[in-house]
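> could you work out the structure for the sequence below:
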Amino acid sequence: MGIGLEPRLLVVGDYGSLLGSGKVEWQLDRVQRTIMEDETKYLSQEIFDSLPLDGTTIGNKTLREQLEVTPEDYLTARKLLLDEGRISLGRGKGGSLRRAVDLHGEADAKPSGSANADIYEKETSLYGPLLLTIKGRWVPDFNPTNWLVQNTAHGGRRKDGTWSRPDISVIARSTYSLLPGAHLDVITFEVKHYNRVDLTAVYEAMAHRRSATRSFVLLYVPDAEADRMSATLDEIEEEAARHGIGFLIFADPNDYDTWTLRADAVRTEPDPARMNDFLSDQFTQNAQNELRRWFR
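Presented below is the predicted three-dimensional model:
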């Protein structure tokens with residue numbers, strides 16, 4: 001096993017003796033600590049990937065809200081980066097941070113290669129700017145009455161398997177002049193990077209749709225890669241359209257004008273119990289309280 005525990009069959013008496021000796025509790029505690037350490041490392045990398053490459057600062061509050069994490073988790077992950085010497089703290093209301101600067105005055109972890117190297121080297125580095133663009137531009141185009149957007153890539157539980165957790169999710173409430181009541185939409189986004197994408201992205205989005213009204217594949221394709229990716233994009237578009245999955249591509253996560261809709265998502269009505277479980281598992285308590293206020 002990955003954490004070094006040796007599996008073996010325990011008879012009742014054997015288990016009782018281990019429990020009494022405290023060995024079972026020690027092993028379970030070790031498992032829990034390992035899981036927490038892995039989550040902290042994952043979040044610390046997300047924080048680092050969200051920092052500007054040129055070494056300029058970003059506010060702690062802005063970054064924490066952008067990543068949709070608790071203050072406690074954020075500070076634990078930030079401390080790990082500080083201990084590793086990868087970031088430096090800055091001034092400002094609520095504090096700020098930036099990538100550490102080396103002896104040559106260059107920000108740490110600058111992409112290698114040419115001067116035109118891609119600044120979004122990993123999928124996780126896209127989450128932060130995508131959240132802001134979805135909140136500020138995409139959702140308003142959808143024109144709901146109320147909405148919430150959250151990073152769900154590392155939150156909640158995966159009750160239905162590996163593909164059950166989308167990267168970004170939207171809850172939207174809409175009202176119409178001629179229709180009674182309010183209508184709820186749950187919209188999911190499976191984010192992909194051009195250097196690691198195939199038709200599997202569509203099937204991941206299909207898994208999300210079991211709990212959502214609409215699901216999208218959101219693919220990063222910089223202009224320099226568009227021609228090379230042409231055949232792959234056509235294949236993904238065809239498969240997405242066949243299954244009613246939305247397919248959006250973008251050259252710059254910050255610039256909504258570079259976003260192109262290749263296939264629109266077909267709206268479905270998932271099982272209400274499954275949707276409710278998804279919302280309670282993947283959205284923060286604050287988001288759930290806000291959702292309740294919408295329908296009072």
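> please enumerate the strands of the chain.
58-59, 87-90, 96-99, 146-151, 168-175, 182-193, 214-220, 246-250, 259-263 (DSSP state E).
> deepest of those strands, which one?
When you average the neighbours per residue for each of these (mean count of other C-beta atoms under 10 Å), strand 214-220 leads with a mean of 26. Backbone N, C-alpha and C define where each C-beta goes, glycine included.
> using PDB, write down the CA coordinates of it.
Backbone C-alpha positions of strand 214-220 (Å, rounded to 0.1, in the frame of the first residue of the first chain) are rendered in PDB as follows:
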ATOM      1  CA  ARG A 214     -25.300  21.400 -17.900                       C
ATOM      2  CA  SER A 215     -21.700  20.300 -18.100                       C
ATOM      3  CA  PHE A 216     -18.800  21.700 -20.200                       C
ATOM      4  CA  VAL A 217     -15.300  20.800 -21.200                       C
ATOM      5  CA  LEU A 218     -13.200  23.900 -20.900                       C
ATOM      6  CA  LEU A 219     -10.000  23.600 -22.900                       C
ATOM      7  CA  TYR A 220      -6.900  25.800 -22.900                       C
END
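> partner strands of it, with direction?
In the sheet, strand 214-220 lines up against strand 182-193 (parallel), strand 246-250 (parallel) (DSSP bridges).
> export those to JSON lines and tack on mean pLDDT?
Below are the strands paired with strand 214-220 laid out as JSON lines (pLDDT from 0 to 100):
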{"stretch": "strand 182-193", "mean pLDDT": "96"}
{"stretch": "strand 246-250", "mean pLDDT": "97"}
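> any idea of the pLDDT on residue 253?
Residue 253 carries a pLDDT score of 94 in this model.
> in contact with it, which residues?
Remark: with contacts taken as C-beta atoms under 8 Å, 6 or more residues apart in numbering, residue 253 is in contact with 120, 126, 129, 130, 133, 220.
> give me the nearest residue to it, chain neighbours excluded.
Counting by C-beta to C-beta, 6 or more residues apart in numbering, residue 253 lies nearest to residue 129, which is 3.9 Å off, once chain neighbours are set aside.
> what about that neighbour, neighbour count?
Neighbour count of residue 129, defined by other C-beta atoms under 10 Å: 17.
> hang on, it packs against residue 254?
Yes. Applying C-beta atoms under 8 Å as the test, residue 129 and residue 254 come out as touching, 4.7 Å apart.
> what about residue 184, distance to residue 216?
To residue 216, residue 184 is 17 Å away according to C-beta to C-beta, to the nearest Å.
> ok, residue 53 next?
When distance is defined by C-beta to C-beta, residue 53 is 27 Å away from residue 216.
> low-confidence ranges, this structure, go.
Within the chain, the segments meeting pLDDT under 70 span 1-38, 91-94, 101-117, 155-164.
> can you show me the helices along it?
For the chain, the helices defined by DSSP state H occupy 12-21, 23-50, 60-67, 71-84, 124-133, 139-142, 200-208, 230-243, 272-282, 285-294.
> could those helices be laid out in JSON lines, adding distance to residue 167?
Putting the helices of the chain into JSON lines (distance: least, C-beta to C-beta, whole Å) gives the following:
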{"stretch": "helix 12-21", "distance to residue 167": "40"}
{"stretch": "helix 23-50", "distance to residue 167": "11"}
{"stretch": "helix 60-67", "distance to residue 167": "12"}
{"stretch": "helix 71-84", "distance to residue 167": "18"}
{"stretch": "helix 124-133", "distance to residue 167": "6"}
{"stretch": "helix 139-142", "distance to residue 167": "16"}
{"stretch": "helix 200-208", "distance to residue 167": "9"}
{"stretch": "helix 230-243", "distance to residue 167": "16"}
{"stretch": "helix 272-282", "distance to residue 167": "11"}
{"stretch": "helix 285-294", "distance to residue 167": "16"}
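> what's the closest of these to residue 175?
helix 285-294 (10.1 Å; C-beta to C-beta).
> dump that closest one to CSV, keeping only the CA atoms.
Presented in CSV, the C-alpha positions along helix 285-294 are these (Å, rounded to 0.1, in the frame of the first residue of the first chain):
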residue,chain,number,x,y,z
GLN,A,285,-21.2,25.9,4.1
ASN,A,286,-21.4,29.6,3.2
ALA,A,287,-22.5,28.8,-0.3
GLN,A,288,-25.1,26.4,0.9
ASN,A,289,-26.5,29.0,3.3
GLU,A,290,-26.7,31.5,0.4
LEU,A,291,-28.5,28.9,-1.8
ARG,A,292,-31.1,28.4,1.0
ARG,A,293,-31.7,32.2,1.1
TRP,A,294,-32.5,32.2,-2.6
